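Colleague: no FASTA, just this:
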């Protein structure tokens with residue numbers, strides 16, 4: 001990948017970390033990679049924004065690998081997977097006896113990343129109370145375990161990522177405005193795959209070769225008609241969706257030429273897929289109440305009982321979800 005000359009102070013020996021992780025030559029991607037390379041040389045906080053599957057974690061890994069902290073740990077945390085009632089403890093740690101179930105002293109993710117990098121994915125999912133404590137840490141580099149009266153100094157480089165519009169989340173009251181501006185020092189906006197289809201061939205070649213080596217098979221190839229269909233497809237799942245397709249083809253059609261008939265329906269018939277309905281009503285009918293109960297229960301299961309996140313999955317307000325949970329006697 002050819003990029004413009006970078007600012008003084010950048011360690012050019014780390015360029016391979018970016019090239020190996022971030023595949024593409026399109027101007028849309030190169031401009032973000034260029035900014036990320038310069039940013040890696042400093043300790044500045046980075047906010048990575050982009051759609052799900054666009055490669056935000058790969059950018060975080062490349063920035064860490066290109067930084068002066070590269071010999072230390074990169075601790076990656078999916079904030080959406082942290083139970084709301086344990087978020088503060090898991091990030092900042094706790095001491096024995098500080099709450100029910102705290103049977104021993106426990107380091108948090110922040111202490112675990114001391115001298116290294118902490119990557120907080122899905123930062124918009126952090127509870128507001130923990131957002132406040134994270135802001136204090138970013139401003140002072142000091143953190144305090146739950147139950148402790150002592151603060152400790154921790155040297156951690158923070159990289160965060162989100163697929164949400166944080167400005168909109170601020171308006172909704174879900175994200176602290178002061179934390180947003182503290183994180184928004186170097187924002188990196190990762191372009192979705194549909195905006196850099198010029199990289200499609202490079203990505204296909206990379207994935208099919210690496211997957212063929214992984215599964216010890218011959219790499220598959222794509223016909224011209226298949227490539228045309230791939231280039232006009234909108235790729236809602238971005239690079240992750242493309243990799244999943246390559247893995248499926250590498251397993252089922254190893255060493256073969258992939259034609260358009262081998263592609264999934266949503267790629268070879270995109271218009272028909274867009275017109276498809278979410279739910280088909282059976283001829284025998286169904287209970288709308290039962291469907292609603294099952295969807296609410298699934299949303300609660302997916303979010304480990306977090307009502308705010310479950311409401312967002314269902315496109316409801318939290319109050320509306322709570323009302324319907326009471327109506328149907330559903331317990332989280």
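Modeller: Looks like it arrived, so ask away. Predicted model only: the values in this text are computed from it and were never measured.

Colleague: I'd like the next helix or strand past the helix or strand bottoming out on mean pLDDT in the chain.
Modeller: Taking mean pLDDT, DSSP states H and E as the measure, the helix or strand of the chain with the lowest value is helix 270-275, at a mean of 54. Tracing the chain C-terminally past helix 270-275 and defining elements by DSSP states H and E, one meets helix 288-302 next.

Colleague: Report all helices and strands that that following helix contacts.
Modeller: helix 307-314, helix 318-327 (3 or more CB pairs under 8 Å, 6 or more residues apart in numbering; DSSP states H and E). Backbone N, C-alpha and C define where each C-beta goes, glycine included.

Colleague: who touches the first one?
Modeller: Contacts with helix 307-314, where a contact means CB atoms under 8 Å, 6 or more residues apart in numbering, come from 80, 84, 125, 174, 295-296, 299-300, 302-303, 317-318, 320-322, 325, 332.

Colleague: This structure: strands as residue ranges?
Modeller: Counting by DSSP state E, the chain forms strands over residues 46-49, 74-78, 117-121, 142-143, 152-153, 157-162, 186-189, 221-222, 257-258, given from the N-terminal end onward.

Colleague: Tell me which residues of the second one come out buried.
Modeller: Buried positions in strand 74-78, judged by neighbour count with 16 or more other CB atoms under 10 Å: 74-77.

Colleague: Tell me the one of these nearest residue 269?
Modeller: Checking the buried residues of strand 74-78 against residue 269 with CB to CB, the nearest one is residue 76 at 37.1 Å.

Colleague: Look up how far residue 176 lies from the most far-flung residue of the chain relative to its centre.
Modeller: The centre of the chain is farthest from one residue, residue 284, which by CA atoms, centre = their mean lies 40.8 Å away. Summarising the geometry, the distance separating residue 284 from residue 176, computed by CB to CB, to the nearest Å, is 50 Å.

Colleague: Residue 18: how many residues sit nearby?
Modeller: Other residues near residue 18 come to 22 when the count uses other CB atoms under 10 Å.

Colleague: That one against residue 33, yeah?
Modeller: Yes: under the criterion of CB atoms under 8 Å, residue 18 makes contact with residue 33 at 5.9 Å.

Colleague: Tell me which stretches of the stretch 101-250 of the chain form helices.
Modeller: With helices called from DSSP state H, counting those that start in this stretch, the stretch 101-250 of the chain shows them at 109-112, 128-140, 166-172, 177-183, 200-215, 224-232, 238-252.

Colleague: Which positions in the fifth one come out as buried?
Modeller: Right, the one you point to is helix 200-215. Using 16+ other CB under 10 Å as the burial criterion, the residues of helix 200-215 that qualify are 200, 203-204, 206-208, 211-212.
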